[in-house]
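Colleague: how would this look folded up:
(one chain, ligands or ions: 1)
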Amino acid sequence: MTQDELFKVLVAHCKEYGFIFPSSEIYDGLAAVYDYGQMGVELKNNIKQYWWNAMTRLHENIVGIDSCIFMHPRIWEASGHVGAFNDPLIDNKDSKKRYRADVLIEDYLGKIEEKIRKEVEKGRKRFGDSFDEAQFRATNPNVLREQAKYDEVHNRYKEAEQTNDLAAYKQIIVDCGIVCPISGTCNWTDVRQFNLMFSTSMGSTSEGANTIYLRPETAQGIFVNYLNVQKTGRMKIPFGIAQIGKAFRNEIVARQFIFRMREFEQMEMQFFIKPGTELEWFAKWKEQRMKWHVNIGMGAENYRFHDHEKLAHYANAATDIEFNFPFGFKELEGIHSRTNFDLGNHQKFSGKKIEYFDSEENKAYTPYVVETSIGVDRMVLAVLSHAFHEEQLENGETRVVLSIPAPLAPVKAAVLPLVKKDGLPELAQEIMNDLKYDFNCQYEEKDSIGKRYRRQDAIGTPFCITVDHESLTDRCVTVRERDTMTQERVPIDRLHEMIEKKVSLNVLLRNL
Ligand code: ATP
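Modeller: Down below sits the predicted model:
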């Protein structure tokens, strides 16, 4: 199966097993808006819990807040979103489809990179142990030709980005012969700027109504509460404020399932520091955030940093943590050193002094900020796409299994009476009643045990607990493990301890 096909199968699987549904589906859906089903919400809550506890419980100097989606409209002027939260868009006149001009160019560059990578792999195979990659890249004519093409387009693209030159974007698209994937033509409109914020009005009469925006990031809710939290929490710099909440962006192109949605959720933490220490903290948070990811167990090789070449006007360092999604390495989290841009601007726009008095230095200053910002939905997609496997079994059947890291799995254990009679359901219910306070469990008595195992594999349940006739006398049950499919006879009174060891979020947290 190609990665593309695999992605389609995964999307279908998410719907079939109650993870993710298209929003308003009975009305044919709403573009780039998705709902979480009974399994999806559990997975999402576990991810949020892991992040929240890692931030707030493991750091005495980080506290959480929950600010509103609606905020004073001036906030978005101060933050720069009214003036500059734009994407360059372009339409294909034949297909009438809309694209982000920067994404079209980046995809084109990605294809050249892929060609070079394949060429290098061919060389590696041909020369075996004596292969010298640096020399190959410096001398192979195919690689040199592609690299020169890449460098030329990349330089023009970066220049267009820096100078915000919309005509230059279009010229690159035309010169490279980039076509619309739907119509296959190069019949493009000019490139225009498009503001990504959704607006609505607040107030009871249309004359007296104010235009307000749905927040495009949660961070500003933290900045405008900086003074409240610092004072009431008697926080001393360095300290952080964490928040999980919805954000809204009117994305131009939203065709990658929950990777790019118009309504999504962010987990953001703003860390307030002394000016001049920001690069040190930036390096620390880069390391800590990567550790948080790798600790989940999805393979360190599936993550990489991508340092920004072009920095936003307020930032003096920025990097993305990229994950190896089915459509390639893409941004999962951003880490930015934002200087005192946000607090400074809120001070200017609100007229309120936003400063910290540093008693050690005996002076007041506007703190600098390093932020970490991760999309919950992108994290859900990372977990699901990494977990999804189709396996060929020895008996010729295929099993679809979601190998979700056990602490994040929606259901931790399924309790299954072998048959629906002879007192087995009663004993199974007794086990359920004991486990349900600590673990999300499912009780299932319908269909053969094989079918029930398959259903649990498909939602990623780490343990299946089968109650059989012998259980009535020996008080033991058969525990089947999801990934290895091994079965073990376990006394009922040891179940709790056995499950806890594998599924506890605390085990993950202790590793950090
Ligand atoms: P991209 O370049 O992919 O549009 P971004 O750089 O605009 O992302 P940030 O503004 O840094 O993203 O937002 C922080 C995080 O929020 C991102 O790393 C991502 O995980 C998440 N995020 C941003 N936009 C979306 C979206 N439309 N849908 C889902 N998650 C998103």
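
Colleague: and the next helix or strand past the helix or strand bottoming out on mean pLDDT in the chain?
Modeller: Using mean pLDDT, DSSP states H and E, helix 81-84 stands out as the lowest-scoring helix or strand of the chain, at a mean of 86. Downstream of helix 81-84, the next assigned helix or strand under DSSP states H and E is strand 86-91.

Colleague: SS state for the residue in the stretch 151-300 of the chain positioned nearest to the ligand?
Modeller: Closest contact between the stretch 151-300 of the chain and the ligand, by C-beta to the nearest ligand atom, is at residue 264 (3.7 Å). C-beta coordinates here come from the backbone N, C-alpha and C atoms, glycine included. When classified by DSSP: H, G, I helix; E, B strand; the rest coil, residue 264 comes out as strand.

Colleague: number the residues from 10 up from this point.
Modeller: From this message on, residue numbering opens at 10, which makes the last subject residue 273.

Colleague: need the pLDDT of it.
Modeller: Per-residue pLDDT puts residue 273 at 98.

Colleague: which element, helix or strand, includes the residue nearest to it when sequence neighbours are not counted?
Modeller: Sequence neighbours aside, residue 386 is the residue nearest to residue 273 in space, at 4.9 Å (criterion: C-beta to C-beta, 6 or more residues apart in numbering). Secondary-structure assignment from DSSP H and E places residue 386 in helix 385-396.

Colleague: tell me the first helix or strand C-terminal of that helix.
Modeller: Going down the chain from helix 385-396, the next helix or strand is strand 397-401, by DSSP H and E.

Colleague: near the ligand, which residues of the stretch 160-309 of the chain?
Modeller: 226, 258, 260, 269-270, 273, 275 (C-beta under 6 Å from any ligand atom).

Colleague: hang on, residue 509 packs against residue 471?
Modeller: No. Counting by C-beta atoms under 8 Å, residue 509 sits too far from residue 471 to count as a contact (11.6 Å).

Colleague: list the contacts of residue 269.
Modeller: 41, 260, 262-263 (C-beta atoms under 8 Å, 6 or more residues apart in numbering).

Colleague: care to break this structure down by domain?
Modeller: Listed by automatic domain parsing, the domain ranges of the chain are 39-81+205-395, 95-204, 402-518.

Colleague: now the end-to-end length of the second one.
Modeller: With C-alpha to C-alpha, to the nearest Å as the measure, domain 95-204 spans 4 Å from end to end.

Colleague: looking at residue 509 and residue 471, which is more packed in?
Modeller: Taking neighbours as other C-beta atoms under 10 Å, residue 509 and residue 471 compare with residue 471 leading, 24 against 15.

Colleague: wouldn't the more buried one be in contact with residue 510 here?
Modeller: No. With contact defined as C-beta under 8 Å, residue 471 does not count as touching residue 510 (10.9 Å).

Colleague: show me what residue of the stretch 360-509 of the chain gets nearest to the ligand.
Modeller: Proximity of the stretch 360-509 of the chain to the ligand (C-beta to the nearest ligand atom) peaks at residue 384, 2.6 Å away.

Colleague: from residue 279, how far off is that residue?
Modeller: For residue 384, the distance to residue 279 (C-beta to C-beta, to the nearest Å) stands at 16 Å.

Colleague: between the two, point out the one with more neighbours.
Modeller: residue 279 (28 against 23).

Colleague: that one belongs to a strand, doesn't it?
Modeller: Yes. Counting by three-state DSSP, residue 279 is located in a strand.

Colleague: tell me if I'm right that it and residue 377 touch.
Modeller: No. With contacts counted by C-beta under 8 Å, residue 279 stays clear of residue 377, the gap being 10.4 Å.
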